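Trainee: Sequence plus the predicted model coming up.
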Amino acid sequence: MKKTPFTVALMISTYKWPEALQLVLKSVLHQSRRPDEIIIAEDGDDTRTAWCIEDFKKIHGIPVKHVYHEDRGFRKSLILNKAIKEIESDYIIEIDGDIVMHREFIADHVSAAREGYFVQGSRTMLTEWKSKRLLKTKNIDALHPLMRGLYSRFNAVRAPLFSSFFKVDPCSSHNVKGCNLAFWKADYVKVNGYYSGFEGWGWEDYEFGERLINVGVKKKRLKMAAIGYHIFHPLSSRANFVPNELIYRETVRYKYSYRPNGYMEA
């Protein structure tokens, strides 16, 4: 494995779905460049998740930390802030616990890492029937861009030499997705991490990205590289979608680069 001048942590957020987490962890073992540490941020306290993590620890030598808290509804921002306090690495790659990583996923993110940038990777969506089959067979080697059961086939094509041809506005927080995101821990601390005041699903990743941009950290979008296969699941409740959007719009309007009730307060 090629050494880098910085250390890399893989942070996985999860909630009551150990069957999907097991596949995500399996994809860690298939990486051409493994992370220096793994932190699993569980937005709850499910014994099945703990068992899944303990089983994984038995088959590899990567340091793993499991950070969790009481299950009191959707509090993803808070558990991410708590988890990042446990991270010792310089660079953090964040994924959700339903993202099965391409073999070159971490290597692609490491290659794209630059000071002054955060990086959005590519996500391809598995259909419901394909996801059910994958969860049953656990055969992640069968995932490829030509297979049946993909919603966004183009996003499954890996051709990193062509990645630079795809340009996005580096100062726009639109479409920032925490399910496949990478950033420097120092930048995360500078903006006080995720805002823990969000209640329920939605907008926490956009708002975090906006504060990074407002402090001078630009967005880089990776297409045809850093590919994650998203396992299908029913949509989370959108009950707090509008109130959460208003928080994001406030950050955009007033160009906030820092919010209290974040990393430092977790």
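Mentor: Okay, I see it.

Trainee: then the host helix or strand of Tyr206 to CSV, C-alphas only?
Mentor: For Tyr206, the element it lies in under DSSP states H and E is helix 204-214. Taking only C-alpha atoms (Å, rounded to 0.1, in the frame of the first residue of the first chain), the coordinates of helix 204-214 have been written out as CSV:
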residue,chain,number,x,y,z
GLU,A,204,-27.2,19.0,7.6
ASP,A,205,-24.6,18.2,4.9
TYR,A,206,-25.6,21.1,2.6
GLU,A,207,-25.2,23.5,5.6
PHE,A,208,-21.9,22.0,6.7
GLY,A,209,-20.6,22.4,3.1
GLU,A,210,-21.8,26.0,3.0
ARG,A,211,-19.8,26.9,6.1
LEU,A,212,-16.7,25.2,4.7
ILE,A,213,-17.1,27.3,1.6
ASN,A,214,-17.7,30.5,3.6
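
Trainee: Can you name the next helix or strand after it?
Mentor: On the C-terminal side of helix 204-214, the nearest following helix or strand under DSSP H and E is strand 218-221.

Trainee: Just the buried positions in the helix or strand following that next one, please.
Mentor: Of the helices and strands lying after strand 218-221 in sequence (DSSP H and E), the nearest is strand 227-230. Buried residues in strand 227-230, counted by 16 or more other Cβ atoms under 10 Å: Ile227, Gly228, Tyr229, His230. C-beta coordinates here come from the backbone N, C-alpha and C atoms, glycine included.

Trainee: tell me the strands in the stretch 101-250 of the chain, going along the chain?
Mentor: With DSSP state E, counting those that start in this stretch applied, the stretch 101-250 of the chain shows strands at 117-120, 122-125, 180-184, 218-221, 227-230, listed in chain order.

Trainee: I'd like those strands laid out as JSON lines, including distance to Phe56.
Mentor: As requested, the strands of the stretch 101-250 of the chain are arranged in JSON lines below (distance: least, Cβ to Cβ, whole Å):
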{"stretch": "strand 117-120", "distance to Phe56": "26"}
{"stretch": "strand 122-125", "distance to Phe56": "23"}
{"stretch": "strand 180-184", "distance to Phe56": "20"}
{"stretch": "strand 218-221", "distance to Phe56": "30"}
{"stretch": "strand 227-230", "distance to Phe56": "18"}
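
Trainee: about what we covered before: and the helix holding Tyr206 with strand 180-184, angle?
Mentor: Note on geometry: by axes from the mean of the first three to the mean of the last three Cα atoms, to 10 degrees, helix 204-214 and strand 180-184 are set 30 degrees apart in direction.

Trainee: now helix 204-214: mean pLDDT?
Mentor: Per-residue pLDDT values across helix 204-214 average out to 98.

Trainee: Repeat that for stretch 22-37.
Mentor: The average pLDDT within stretch 22-37 is 97.

Trainee: Quick check: end-to-end length of that stretch?
Mentor: Stretch 22-37 has its terminal residues 17 Å apart, counting by Cα to Cα, to the nearest Å.

Trainee: about what we covered before: need the strands of the stretch 101-250 of the chain in JSON lines (columns: distance to Asn192 and mean pLDDT).
Mentor: Supplementary listing: the strands of the stretch 101-250 of the chain in JSON lines, determined by distance: least, Cβ to Cβ, whole Å; pLDDT from 0 to 100:
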{"stretch": "strand 117-120", "distance to Asn192": "15", "mean pLDDT": "98"}
{"stretch": "strand 122-125", "distance to Asn192": "26", "mean pLDDT": "96"}
{"stretch": "strand 180-184", "distance to Asn192": "13", "mean pLDDT": "98"}
{"stretch": "strand 218-221", "distance to Asn192": "19", "mean pLDDT": "96"}
{"stretch": "strand 227-230", "distance to Asn192": "27", "mean pLDDT": "98"}
